[in-house]
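# Give me a 3D structure for the following:
(one chain, ligands or ions: 1)
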Amino acid sequence: MPFPEIRLRRLRRTESLRALVRETSLDPGDLIYPLFICPGEGVRNPISSMPGVFNLSIDQAVREAEEASSLGIGGLLLFGLPDSKDEKATGAWDDNGIVQRALRALKQNSAAKKLVLMADVCLCEYTSHGHCGVVLQSGDTYEIDNDPSLELLAKTAASLARAGADIVAPSDMMDGRVAAIRRALDADDNTNTPILSYASKFASAFYGPFREAADSAPQFGDRRSYQMDGANLREAMREIELDLVEGADMILMKPAMPYLDVVHAARERFGVPIGAYQVSGEYSMLHAAFEKGWLERDRTMLESLVGIRRAGADFIVTYFAKDAAKLL
Ligand code: PBG
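All right, here's what the predicted structure looks like:
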């Protein structure tokens, strides 16, 4: 007879009891803070759909990094807004590209240097058409051409590693990119640079605000021919399996909150470190509710992050990183 002998509420009576039996931890070191780097000096352009998020020039990014470091945050994930865009995404693989320059500046700063510097590897912020790969156009139809994209992605990753990236994180979803990137890194003697692959990245409406922040909305069509269908869990497991075979050291799942079952399934199945990306739309929708007074900011934010950890993520990429770290 479980009740009345057994009463689960006994262990919930005080905060110290609750802390003692808490199953999931959340530390600032588990959090990765994304930054959007833009040209100029002294620039802090607010992103209207993401309160508290800015396009930052390199000097301002260094200041953010110093703050992130003092808060004990685990690392940064860098995105770039280049001076100009073209068909070949030159700004992505240029050794003098915006993120490459930011990495060199961050590596010279003693506080920022303590953070794990992750560089997103993708072409969409750098191509004139806004797609993540090379576009093959014929008349009214177009295709994102997989194999020629690999060369550009590999060049991008190699260049970012040379500039000081501690980790390269391909988010393009072309087939075979992890192997191509591994080869390019190794050919450059960057055998020690890990690859964090966005292995199961779903074609999601939750990326909407990011495309304002990174100025990377596709000029035509959508990303559904390369990003995954949100209905597919088994296919997500295949994507991860293949990326690991190709040499991915860690995997990143994205979005997070609407896909916690995918994070959990990956955790059960694979022994590698797993990150989850609480993406722009997840951040924006919570903020909208905070601004309306419909949800309590601090508790909701932490609950969303604990939920992602409990599903199985070792670390979380989140725009809440600084705010959450301050509370923790
Ligand atoms: C680049 C990339 C995107 C995100 C991360 N890397 C946008 C996209 O695929 O459209 C989204 C991140 C976010 O929404 O916060 N391919």
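# what does the stretch 51-200 of the chain have sitting close to the ligand?
120, 122, 124, 132, 171 (Cβ under 6 Å from any ligand atom). The way it works is simple: take the backbone N, C-alpha and C, and place the C-beta from them, glycine included.
# tell me the SS of the closest residue to P218 other than its chain neighbours?
Counting by Cβ to Cβ, 6 or more residues apart in numbering, P218 lies nearest to G130, which is 4.2 Å off, once chain neighbours are set aside. Under DSSP: H, G, I helix; E, B strand; the rest coil, G130 falls in the coil class.
# got a list of what G130 touches?
124, 216-219 (Cβ atoms under 8 Å, 6 or more residues apart in numbering).
# same thing with A236?
199-200, 202, 228, 253, 262, 265-266 are the contacts of A236 under Cβ under 8 Å, 6+ apart.
# Quick check: pLDDT value at the residue nearest to H129 when sequence neighbours are not counted.
Of all residues not flanking H129 in the chain, Q219 sits nearest, at 4.9 Å (Cβ to Cβ, 6+ apart). Q219 carries a pLDDT value of 93.
# In contact with Q219, which residues?
By Cβ under 8 Å, 6+ apart, the neighbours of Q219 are 128-130.
# distance of the closest residue in space to D95 that isn't next to it in sequence from G91?
Distances taken as Cβ to Cβ, 6+ apart put S159 closest to D95, at 5.3 Å, once the chain neighbours are dropped. Distance of S159 to G91, computed by Cβ to Cβ, to the nearest Å: 11 Å.
# now swap in T191 and tell me
For T191 relative to G91 (Cβ to Cβ), the value is 26 Å.
# Kindly tell me how buried the residue nearest to D229 when sequence neighbours are not counted is, as a neighbour count.
Leaving aside its chain neighbours, D229 sits nearest to A203 (6.7 Å; criterion: Cβ to Cβ, 6+ apart). Neighbour count for A203, taken as other Cβ atoms under 10 Å: 15.
# ranges for the strands of the chain?
31-37, 44-47, 50-56, 75-80, 116-121, 134-138, 141-145, 167-170, 196-201, 250-254, 274-278, 315-318 (DSSP state E).
# ok, the second one: who's next to it in the sheet?
Spelled out, that is strand 44-47. strand 50-56 (antiparallel) (DSSP bridges).
# pLDDT score assigned to the residue of the stretch 101-250 of the chain found nearest the ligand?
Nearest to the ligand, among the residues of the stretch 101-250 of the chain, is F210, at 3.1 Å (Cβ to the nearest ligand atom). F210 carries a pLDDT score of 96 in this model.
# which residues does the closest residue to it other than its chain neighbours contact?
The shortest distance from F210 to any non-neighbouring residue, by Cβ to Cβ, 6+ apart, is to S280 (3.8 Å). S280 is in contact with 49-50, 206-210, 213, 319, counting by Cβ under 8 Å, 6+ apart.
# Tell me where the model's unsure across the stretch 101-250 of the chain.
Counting by pLDDT under 70, not a single residue of the stretch 101-250 of the chain qualifies.
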